[in-house]
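*Asks:* Quick one, fold the following:
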Amino acid sequence: MRTIPHCLLAAAFSAMALQTPAQAQNVAPAQTAAQPGQVTASGTVPDEATKAAVLAKLREVYGADRVVDQIAIGPVAMPANWNGYVQKLINPDLRQISRGQLKIDGSTVSLRGEVANESLRQRIASNVATNLNPTYTVNNGLRVSSNEQAILDDTLANRTIEFESGQATLTPKGRAILDEMVAAMMKLKGRRIEIIGHTDSAGLRASNVSLSQARAATVKAYLASHGIAEELLSASGQGPDRPIASNDTADGRARNRRIEFRLAQ
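*Replies:* Reported below is the predicted structural model:
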């Protein structure tokens, strides 16, 4: 049986996952949740050349250190010029989509996720359609996002809230960033905010989970002591389970040791 391949690109900003064609045995590829700042490429392609091309394009768009390779090689049937269309669809426009998905299923392309404004929503869908031939159908499920999460993200601006090494004690730089976060949160007018602590993978997982929880609790206490209503804040620790970079390098480990702020749904 010939399997119609499909391509899936999901985002939880900045998180995206590319799922290339499913296996011919009709076994669905494992779904891997993309983490903030991470691009996870998964699924099955027919050969190493196709895999290399997909990964190269993803790394060109998002940066090599943000792409996680989970692509397998297996027996799949490819539509005409599948590689060419995928190369066109993996482009910088996709970086504008958060919590989203780009799915190519046969000749149907579906877009989901959040973008900053209506003009961008229409432009991305139009560009997708322009990159395909007329036999493809484009379903635009993009929506304009609330700018409230952007207030938190823009204030943090990819910076790391620093703690003393191995401790849950904030450094002066960490407190300075949190002072900016307080001002940002004051604009959110009663919205609930999740504070999530993360660590690298060095050491025991149980210890890392405890440390990440303690650091998130420290941040919660600091924010509450500076005017943010404590009942609007929750704190949790994910330990090393949600990396956004490789733990094989010092820079990657430093990026993984972080505090994340998310508006509660």
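
*Asks:* pretty sure residue 209 is touching residue 239, no?
*Replies:* Yes - under the contact definition of CB atoms under 8 Å, residue 209 touches residue 239, with a separation of 3.5 Å. To be clear about C-beta, it is placed using only N, CA and C from the backbone, and glycine gets the same treatment.

*Asks:* Compare these two (neighbour count), which wins?
*Replies:* Taking other CB atoms under 10 Å, residue 209 and residue 239 do not tie; residue 239 has more neighbours (21 against 18).

*Asks:* re the thing from before, list residues touching both of residue 209 and residue 239?
*Replies:* Common contacts of residue 209 and residue 239, defined by CB atoms under 8 Å, 6 or more residues apart in numbering, comprise residue 199.

*Asks:* Can you name the next helix or strand after the least confident helix or strand in the chain by mean pLDDT?
*Replies:* The helix or strand of the chain with the lowest confidence, counting by mean pLDDT, DSSP states H and E, is strand 16-19 at a mean of 37. Scanning the chain past strand 16-19 towards its C-terminal end, the next helix or strand to appear is strand 39-45 (assignment: DSSP states H and E).

*Asks:* quick one: strands adjacent to that following strand?
*Replies:* Strand 39-45 pairs in its sheet with strand 16-19 (parallel), strand 67-73 (parallel), by DSSP bridges.

*Asks:* list the buried ones in the last one?
*Replies:* Residues of strand 67-73 classed as buried by neighbour count (16 or more other CB atoms under 10 Å): 67-68, 71.

*Asks:* Would you format the residues you listed as JSON lines with pLDDT included?
*Replies:* Conversion of these to JSON lines gives the following (pLDDT from 0 to 100):
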{"residue": "67", "pLDDT": "82"}
{"residue": "68", "pLDDT": "81"}
{"residue": "71", "pLDDT": "83"}
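
*Asks:* which among the residues you listed gets closest to residue 40?
*Replies:* When those are ranked by distance to residue 40 (CB to CB), residue 68 comes first, at 4.5 Å.

*Asks:* how near is the closest one to residue 243?
*Replies:* Distance of residue 68 to residue 243, given as CB to CB, to the nearest Å: 9 Å.

*Asks:* Over to residue 141?
*Replies:* For residue 141 relative to residue 243 (CB to CB), the value is 29 Å.

*Asks:* List the contacts of residue 219.
*Replies:* With contacts defined as CB under 8 Å, 6+ apart, the neighbours of residue 219 are 161, 170, 178, 195, 197, 235, 259.

*Asks:* Name the helix or strand for the fifth one, please.
*Replies:* To tie it back to what came earlier, the one meant is residue 197. With secondary structure defined by DSSP H and E, residue 197 is part of strand 193-198.

*Asks:* Sheet partners, orientation included, of that strand?
*Replies:* Each strand pairing with strand 193-198, determined using DSSP bridges, is listed with its direction: strand 233-237 (parallel), strand 258-263 (antiparallel).

*Asks:* Least reliable of those strands by average pLDDT, please.
*Replies:* When mean pLDDT is averaged over each of the strands paired with strand 193-198, strand 258-263 scores lowest at a mean of 91.

*Asks:* Leaving out the residues flanking it, which one is nearest to residue 159?
*Replies:* Nearest in space to residue 159, with sequence neighbours left out and distances taken as CB to CB, 6 or more residues apart in numbering, is residue 177 at 5.8 Å.

*Asks:* how deep is that neighbour tucked in, by neighbour count?
*Replies:* A count of neighbours around residue 177, defined by other CB under 10 Å, yields 20.

*Asks:* per-residue confidence for it?
*Replies:* 97.

*Asks:* shift numbering so it begins at 781
*Replies:* Sure, I'll start numbering at 781, so the last one becomes residue 957.
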